[in-house]
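> when you get a sec, could you give me coordinates for this:
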Amino acid sequence: MTNITSIKSARTSSDADEWQMRVDLAAAFRLAAHYEWNEGVANHFSLAVSNDGKKFLMNPRWRHFSKIRASELLLLNSDDDSTMKGPNAPDLTAWSLHGRLHAALPQARCIIHLHPAYATVIASLADPEIKPIDQNTARFFNRVAVDMGYGGMANTDAEGDRLARLMGNKSIMMMGNHGVLICAATVAEAFDLTYYLERSCRNLVLAYQTGQKLHVMSPEVAEKTAQEWEADREQFLSHFTEMKLIMDAQDPTYKN
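Purely as a prediction, here's the structure:
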């Protein structure tokens, strides 16, 4: 009897954990729409729910971010070759990218792919480096992978595998001629990284527009600042919690 009770309790706890993951990921979609990071009904977020990262949640095909609810997120497995044959198959580019990243990078629990305006502008330059010109941009010093090999839509497993190799153990990728990719341990961290990445790129674009010479930090100061960002992990958790409270007051239907 004790063993049966323990098993039921474990299942209940697991179900509750997965539901909270659904709620958090749905909130991230709504927040992306709030900040106008989304592009039509394109772009995708995913969140691993298994220890090996291969079982993951992702947005359904061509659903606008502002309408996504926790209950309608797809539950997929990167090892399931039949995924694209079903009636509720995800977008092909989403499957090719997120499926392969989750298969190859178990540490990338939450994966965000977007084409936000300012980050995409920087990613479209011949020099897409996020130069450390202020406190925000310094957060990403020496911590960004760069892909300069864009060859069209990411709609093959081979392309997903190529991007996984390029990403390695980094959390951010500037995708040349394309957009950005963010990989993190939690939705909260992925959201916070995305927020500050777009803000940083906005600062850099505005600085470029002045036509004046950039005042770039020394490598030593930039690295010190980046490490200070990494040490303050409570801030990004609070950031996401506060934004969910704002969402709750405006439209809590993402939790449904």
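> which residues touch stretch 44-54?
The set of residues external to stretch 44-54 that reach it, using Cβ atoms under 8 Å, 6 or more residues apart in numbering, is 18, 21, 24-25, 28-29, 32, 55-59, 75, 77-79, 90-91, 93-94, 97-98, 102-103, 105-113, 187, 190. Quick note: C-beta positions are derived from backbone N, CA and C, even for glycine.
> got a ChimeraX select line for the buried ones in those residues?
In ChimeraX, the members of these classed as buried (16 or more other Cβ atoms under 10 Å) are selected with the following command:
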select :18,21,24,25,28,29,32,55,56,57,58,59,78,90,91,93,94,97,98,102,103,105,108,109,110,111,112,113,187,190
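> list the contacts of residue 117.
36, 198.
> thinking again about what came up before, quick one: which of the contacts of stretch 44-54 sit in strands?
55, 56, 57, 58, 75, 77, 110, 111, 112, 113 (DSSP state E).
> any chance of those residues in JSON lines, plus distance to residue 206?
Below are the ones in strands among the contacts of stretch 44-54 laid out as JSON lines (distance: Cβ to Cβ, whole Å):
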{"residue": "55", "distance to residue 206": "42"}
{"residue": "56", "distance to residue 206": "36"}
{"residue": "57", "distance to residue 206": "36"}
{"residue": "58", "distance to residue 206": "34"}
{"residue": "75", "distance to residue 206": "41"}
{"residue": "77", "distance to residue 206": "43"}
{"residue": "110", "distance to residue 206": "29"}
{"residue": "111", "distance to residue 206": "28"}
{"residue": "112", "distance to residue 206": "23"}
{"residue": "113", "distance to residue 206": "25"}
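> spatially, which two of the residues you listed are the most separated?
77 and 112 (20.0 Å; Cβ to Cβ).
> all strands for this protein, in order.
With DSSP E as the criterion, the chain has strands spanning 44-48, 55-58, 74-77, 110-114, 144-147, 172-175, 179-184.
> so which of these is nearest residue 209?
strand 172-175 (19.2 Å).
> what's in contact with the closest one?
By Cβ under 8 Å, 6+ apart, strand 172-175 touches 119, 122-123, 128, 130, 140, 143-147, 150, 163, 166-167, 180-183, 193, 197.
> who's the residue nearest to the spatial centre of the chain bridged to?
Residue closest to the average C-alpha location in the chain (Cα atoms, centre = their mean): residue 112, at 2.1 Å. Beta bridges link residue 112 to residue 45, residue 182, judged by DSSP bridges.
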